[in-house]
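>>> mind looking at a prediction? Sequence and model below.
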Amino acid sequence: MRGTYAAIIRLAGIGLYLCAAVPLSAQTQAPLSVIDWLDQPAPLADLPRAPQIAAPLNEPAVTQSGSAPRITTRPLSGTPSPAVGLVPSKITGMRPDIWAGSEPQILSQIMNDLPDLDLPAANALLFTLLLAEADAPIGGQTAQDTLTVARVQKLMALGAVDPALALIEQAGAASSRALFDVWMDLSLLVGTEDTACGALSRAPYLTQDMSTRIFCAARGGDWDTAALTFGSASALSLVPREKLDVLDRFLHPDAFDEAGPLPAPRTIDPLTFRLFETIGEPLPTRRLPRAYAVADLRDVAGWKTQLEAAERLTRAGALPDNRLLGLYTNRRPAASGGVWDHVRAVQQFDTSLGLGSAEAVAKTLAPAWGEMARAGLEVSFSALFAERVSQIPLSGATQNLQARMVLLSADYETVAGALPDTINLGPHTMLIRAVARGEAPAIAPSEALPFAIHDAFTAPTPRAEWVEMARNQRLGEALLATLGALNDGARGDSGALREALGTLHALGLEDTARRASLQLLLLEDRP
């Protein structure tokens with residue numbers, strides 16, 4: 001037995017010696033793939049092998065100190081923000097970069113501070129700016145959203161709710177938290193809130209306004225969610241008490257059958273306005289901001305209410321002149337005084353034009369002009385009837401009034417050269433003729449405002465700061481500042497008027513400068 005063990009030990013020693021003598025590369029084999037491993041026959045014997053040592057990993061270098069590493073950053077290049085606007089450049093004549101060099105917060109402040117403009121020509125330019133297709137200002141998409149909200153809110157202040165709604169929808173309000181709340185306000189004013197509520201139901205993150213969530217849940221038929229959200233908002237004081245009261249009546253009408261009407265709210269917003277209408281207590285719009293007058297244009301409102309709202313919106317340039325004429329001629333006036341006198345005078349004048357009788361036109365033109373002057377709508381009246389009235393042969397005072405109308409219309413330059421020498425438009429007739437023809441006025445008036453107009457057309461002095469803005473992709477900002485100065489000029493600041501008209505000349509807006517000047521000169525004696 002001892003000899004047997006000795007033989008085994010000698011064999012094992014020979015085996016170890018052979019293993020040590022064979023190179024390492026001959027002992028190891030390439031790893032087998034899964035398929036190769038399955039096809040390989042099992043080994044006859046499992047001989048012991050030397051353990052394999054894994055190769056070291058390619059680890060990153062280890063820092064030699066505990067200081068923070070230096071990090072280099074750069075903005076990611078992404079898709080540029082799309083242009084936003086309803087009127088293309090080929091129509092407005094303005095390049096898409098009118099806001100590109102401006103700070104959006106500054107633009108928002110300027111638009112918010114800009115007062116109601118007294119001149120229709122100034123309002124027309126403002127609408128062009130607000131609706132023009134334009135690229136984003138400094139800051140990309142966030143800046144574009146900020147500017148879009150400012151543009152839309154200014155349109156709302158003017159009463160142009162439909163264009164504002166179209167603009168914000170084009171900007172992507174259905175998927176933007178920055179735009180949704182303003183979109184909801186506009187939708188409530190025109191009665192399309194179900195579309196906005198549908199977007200909110202698909203993306204609840206779009207608003208944090210609890211009252212909007214309650215309203216939309218109820219509109220969608222989810223009364224349980226609406227009631228639960230209402231209870232939470234009430235318990236946590238997340239909604240003002242005044243709005244909670246009207247929401248309570250909206251959600252639980254049966255509980256308030258015997259209750260008296262709610263007091264008029266101290267502050268108004270489109271949702272509160274719509275809720276009062278829904279519970280059967282509509283609020284009059286006469287003393288509300290101009291945007292609420294749009295609700296009175298619906299067929300559910302009385303004719304007188306529609307007329308008053310249409311006049312108010314037309315004065316601001318927010319309603320087409322033809323829409324006003326359609327309401328004026330809709331039916332016979334029911335009474336006299338106020339808006340009824342406006343309707344009656346316009347209807348009689350329209351009828352006389354249809355007859356083509358110079359005698360009938362001569363009798364009805366002056367009364368119609370007087371009523372439109374009292375309504376502050378002479379320019380709209382001229383735009384509607386100037387072409388037709390210019391075909392009627394008139395004389396004397398009626399001919400002078402006819403000339404005044406055509407000079408306030410878009411065709412002022414065409415008709416100015418054909419005006420008879422007998423036309424008398426007051427003490428500034430020669431200045432008016434020169435401005436309408438695009439000529440330099442020969443004689444300087446003595447009054448401050450006409451003298452400023454004379455200077456602006458003989459030796460324009462634009463404000464250098466605004467011209468420089470326009471050169472640096474800040475044309476929109478420059479024009480907003482110019483409109484503010486033009487408005488100051490219309491209210492008696494001759495220096496601001498001279499500067500504004502000169503800047504309009506320098507920026508290529510000759511038509512706006514001439515029409516504004518004609519309106520100042522021809523409407524200075526309005527009642």
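Yep, it's here. Numbers count the residues shown, from 1 in each chain.

>>> just want the most central residue of this protein.
Nearest to the geometric centre of the chain sits Val152, at 2.5 Å (CA atoms, centre = their mean).

>>> contact partners of stretch 209-226?
Stretch 209-226 has contacts (CB atoms under 8 Å, 6 or more residues apart in numbering) with 181, 184, 193-194, 196-198, 200-201, 204, 207, 229-230, 232-233, 238-239, 243, 247, 250-251, 271, 275. Any C-beta I mention is one placed from the backbone N, CA and C, and that applies to glycine too.

>>> chain center to stretch 291-307: distance?
Relative to its parent chain, stretch 291-307 has a centroid offset of 23 Å by CA atoms, centre = their mean, to the nearest Å.

>>> show me what counts as buried in that stretch.
Residues of stretch 291-307 classed as buried by neighbour count (16 or more other CB atoms under 10 Å): 291-297, 301, 303-307.

>>> same check on stretch 131-143?
In stretch 131-143, counting by 16+ other CB under 10 Å, buried: 131-137, 141, 143.

>>> next step: those restricted to helices.
Judged by DSSP state H, the buried residues of stretch 131-143 include 131, 141, 143 as members of helices.

>>> coming back round to it: just give me the closest of the buried residues of stretch 131-143 to Leu327.
Leu131 (23.7 Å; CB to CB).

>>> that closest one touches Ser89, doesn't it?
No - applying CB atoms under 8 Å, one finds Leu131 not in contact with Ser89, separated by 11.8 Å.

>>> what's the weakest-modelled helix or strand in the chain?
Between all helices and strands in the chain, the lowest mean by mean pLDDT, DSSP states H and E belongs to helix 34-39, at a mean of 35.

>>> check which element follows it along the chain.
Downstream of helix 34-39, the first helix or strand assigned by DSSP states H and E is helix 89-92.

>>> what's next to the following helix or strand past that next one, contact-wise?
Per DSSP H and E, the first helix or strand lying C-terminal to helix 89-92 is helix 104-113. Helix 104-113 is contacted by residues 99, 137-139, 143-144, 146-147, 149-151, 153-154, 476-477, 480-481, 484 when judged by CB under 8 Å, 6+ apart.

>>> among these, which ones are buried?
Applying 16+ other CB under 10 Å to the contacts of helix 104-113 flags 99, 137, 143-144, 146-147, 149-151, 153-154, 476-477, 480-481, 484 as buried.

>>> list just the nearest of the residues you listed to Leu188.
Using CB to CB, these come closest to Leu188 at Gln153, 14.7 Å.

>>> quick one: the closest one and Asp181 touch, right?
No - the criterion here is CB under 8 Å, and Gln153 misses it with Asp181 at 11.0 Å.

>>> touching both of the two, which residues are there?
Common neighbours of Gln153 and Asp181 (CB under 8 Å, 6+ apart) do not exist.

>>> from Leu131, how far off is the residue nearest to Gly376 when sequence neighbours are not counted?
Spatially, and ignoring its direct neighbours in sequence, Gly376 is nearest to Arg315 (5.2 Å; CB to CB, 6 or more residues apart in numbering). Note on Arg315: its distance to Leu131, by CB to CB, to the nearest Å, is 19 Å.

>>> again with Ala506
Going from Ala506 to Leu131 by CB to CB gives 23 Å.

>>> tell me the domain ranges of this structure?
Domain assignment for the chain by automatic domain parsing gives 81-203, 425-527.

>>> skip the chain neighbours and tell me the closest residue to Glu169.
Trp183 (7.0 Å).

>>> can you check Pro450 too?
Pro450's closest residue in space is His428 (CB to CB, 6+ apart), at 5.3 Å.

>>> which ones are touching that neighbour?
Residues near His428 by CB under 8 Å, 6+ apart: 445, 450, 521.

>>> and if we set it to 10 Å?
434-435, 441, 443, 445, 447, 449-450, 453-454, 520-522, 524 (CB atoms under 10 Å, 6 or more residues apart in numbering).

>>> one more: Asp350?
325, 328-329, 364, 368, 384-385, 388.

>>> between the residues you listed, which is nearest Asp257?
Tyr328 (41.6 Å).

>>> what's the burial count for the closest one?
Neighbours of Tyr328 under the rule other CB atoms under 10 Å: 21.

>>> isn't it up against Leu384?
Yes - the criterion here is CB atoms under 10 Å, and Tyr328 meets it with Leu384 at 9.3 Å.

>>> where does the prediction get shaky in the stretch 151-300 of the chain?
Applying pLDDT under 70 to the stretch 151-300 of the chain picks out no residues at all.

>>> please apply the same query to the chain.
When residues are selected by pLDDT under 70, those of the chain lie in 1-80, 525-527.

>>> what about Phe276, distance to Ala295?
From Phe276 across to Ala295, the span is 11 Å (CB to CB).

>>> now for these two: what residues contact both?
Joint contacts of Phe276 and Ala295 (CB under 10 Å, 6+ apart) are 282-283.

>>> three-state assignment of Arg331?
Using DSSP: H, G, I helix; E, B strand; the rest coil, the structure places Arg331 in coil.

>>> the closest residue to Thr229 other than its chain neighbours and Pro441: what is the separation?
Excluding the flanking residues, the one nearest Thr229 by CB to CB, 6+ apart is Ile214, at 5.0 Å. Ile214 sits 63 Å away from Pro441, going by CB to CB.

>>> one more: Val161?
Between Val161 and Pro441 the distance is 41 Å, computed by CB to CB.

>>> those two: who's more crowded?
Using other CB under 10 Å as the criterion, Val161 and Pro441 rank with Val161 on top: 26 against 21.

>>> right, and the more buried one touches Gln153 too?
No - counting by CB under 10 Å, Val161 sits too far from Gln153 to count as a contact (11.4 Å).

>>> need the residues touching each of the two.
By CB under 10 Å, 6+ apart, the residues touching both Val161 and Gln153 are 185-186, 291.

>>> nearest to Pro265, out of the domains of the chain?
Closest to Pro265 of the domains of the chain, according to CB to CB: domain 81-203, at 14.5 Å.

>>> show the end-to-end separation of that closest one, please.
Start-to-end span of domain 81-203 (CA to CA, to the nearest Å) is 22 Å.

>>> circling back to that earlier point, pick out the most distant pair among the buried ones among the contacts of helix 104-113.
Across these, the longest distance by CB to CB is 23.8 Å; it joins Gln144 and Gly484.

>>> circling back to that earlier point, so which of the contacts of helix 104-113 are in helices?
The helices, defined by DSSP H, take in 143-144, 146-147, 149-151, 153-154, 476-477, 480-481, 484 from those.

>>> touching, Phe273 and Leu283? I think so.
Yes - Phe273 is in contact with Leu283 according to CB under 10 Å; the separation is 6.0 Å.

>>> which residues are in contact with each of the two?
When contacts are counted by CB under 10 Å, 6+ apart, Phe273 and Leu283 are jointly contacted by 265, 292, 295.

>>> could those be laid out in JSON lines, adding distance to Ser108 and secondary structure?
Shown next, in JSON lines, are the shared contacts of Phe273 and Leu283 (distance: CB to CB, whole Å; DSSP: H, G, I helix; E, B strand; the rest coil):
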{"residue": "Pro265", "distance to Ser108": "26", "secondary structure": "coil"}
{"residue": "Tyr292", "distance to Ser108": "22", "secondary structure": "helix"}
{"residue": "Ala295", "distance to Ser108": "26", "secondary structure": "helix"}
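
>>> ok, the residues you listed vs Leu126, which is closest?
Using CB to CB, the shortest approach to Leu126 within the shared contacts of Phe273 and Leu283 belongs to Tyr292, at 20.4 Å.

>>> show me what contacts the residue nearest to the closest one when sequence neighbours are not counted?
Spatial nearest neighbour of Tyr292, excluding adjacent residues (CB to CB, 6+ apart): Thr285 at 4.4 Å. Applying CB under 10 Å, 6+ apart, we find Thr285 in contact with 268, 273, 291-296, 301, 305, 308-309, 312.
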